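Enquirer: turn this into a model:
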Amino acid sequence: MSTFTTLGPAAATHPSTAQLTYITRRLQALGHRVRAAHADVSDVDISDGLIVAALARSLMVNAVDALRSSHARAVLIVGGHDKDIAETARRLQASSERRSVILTANPVAAQQILPFNDGGFVLASAAATSLRNDVERLLAHVTGEQRSTGGTKAQDPAPIVARRVSYDAPELAELLADLRVEYATRYARDTANTTLTEVPPTDFVQPHGTFVVLVRSGRTLAGGAIRRLDASTAEIKRVWTTSEVRRQGFGRRVIDELELAASDLGYTRIFLSTGPRQPEARALYLAAGYSPGFDLDAAPEAIGRHVFTKTLRQTSSAHGAA
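Expert: A predicted model of the protein is given here:
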């Protein structure tokens, strides 16, 4: 486990705050320690890596001091504009006496961030992909860890394989990490639901449940799970698609595979729910034929938990685990 320090504006509404929050949550989901600094950089010497908001002018002196006093192996600079990121990199590079590696993130524009009043936000898929890749570059320099996030291009000719796996399968590592990041940033709080601890993982074990993943070229692109709700009803949970391949039909394929798994396990009905800040999930379930248990015309935040149900069509096929 490594230690990182973020240095950026204190204002929760600043665009850079969302980027720093996403990176913080991503690093924490991968098991690292992250502390936030604004004016106080007294403990920065223990940091293995720094993440700095570009040209937060009131903090530039602190950033320079932090870099000089730290043992950071690498510094990642984030921001909304290429020129600001490049200028901040130039200033920090000139002040780096220990030759820390200076990394520049791809800019994330304010238009790519949908903020909520409580500090939660939704990142555009392209921005989420870019920031995740920036975190991987930072980790490669700080820990030497090379984590592959490639192989997701639409033109990849390799087949997509559906697999049913246990809750502790290595294919689920990225899926579960991404879900924790996405839920925590959208809802701006740590709860049993956002940390994926609301039900025990053993609920997703056959014969009562399972995980399903879609894999291409060794990379998990999408997945989800079912668990027993009652003797005839399965609950769908943990539905996820990596940001690089969203809007390409992977979510619908996951739902189809989960329904098939539920039928194979003897269930005749599906129950699921999603939150008010997941409009893409709501659209997916409606398109897949699920009946909403709420007023579609009501404001999502007023509804709260969005509940859906569906009766499964009975088939004669016995689809075994891949």
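Enquirer: strands along the protein, start to end?
Expert: Here the chain has its strands, by DSSP state E, at 3-7, 33-37, 49-53, 74-78, 101-104, 113-115, 121-123, 161-165, 210-216, 219-230, 233-241, 269-274, 291-292, 306-311.
Enquirer: given the second one, what are its sheet partners and their directions?
Expert: According to DSSP bridges, strand 33-37 forms sheet pairs with strand 3-7 (parallel).
Enquirer: and the partner strand, which residues are buried?
Expert: In terms of neighbour count (16 or more other CB atoms under 10 Å), strand 3-7 has its buried residues at 3-7. Every C-beta, even on glycine, is put in place using the N, C-alpha and C of the backbone.
Enquirer: touching, residue 123 and residue 185? I think so.
Expert: Yes - the pair residue 123 and residue 185 passes the contact test of CB atoms under 8 Å, sitting 7.3 Å apart.
Enquirer: residues in contact with both of these two, list them for me.
Expert: 18, 22 (CB atoms under 8 Å, 6 or more residues apart in numbering).
Enquirer: what's the per-residue pLDDT of residue 24 here?
Expert: Looking at residue 24, its pLDDT stands at 96.
Enquirer: one step back: just give me the closest of the buried residues of strand 3-7 to residue 217.
Expert: When these are compared for distance to residue 217 (CB to CB), residue 4 wins out at 30.1 Å.
Enquirer: and the closest one, bridged to which residues?
Expert: With DSSP bridges as the rule, residue 4 is bridged to residue 34, residue 49.
Enquirer: that one and residue 47, how far apart?
Expert: Distance check for residue 4 against residue 47: by CB to CB, to the nearest Å, it reads 6 Å.
Enquirer: residues shared between the contacts of the two?
Expert: residue 35.
Enquirer: in TSV, list the strands of the chain along with mean pLDDT and distance to residue 90.
Expert: Converted to TSV, the strands of the chain look like this (pLDDT from 0 to 100; distance: least, CB to CB, whole Å):
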stretch	mean pLDDT	distance to residue 90
strand 3-7	90	17
strand 33-37	88	22
strand 49-53	91	13
strand 74-78	93	10
strand 101-104	94	9
strand 113-115	94	26
strand 121-123	95	27
strand 161-165	97	47
strand 210-216	97	40
strand 219-230	97	36
strand 233-241	97	38
strand 269-274	98	45
strand 291-292	98	53
strand 306-311	98	48
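Enquirer: list the buried residues for the lengthiest helix in the chain?
Expert: Ranked by residue count, the top helix of the chain under DSSP state H comes out as helix 125-143. Residues of helix 125-143 classed as buried: 125, 127-132, 134-136, 138-139, 141-143 (neighbour count, 16+ other CB under 10 Å).
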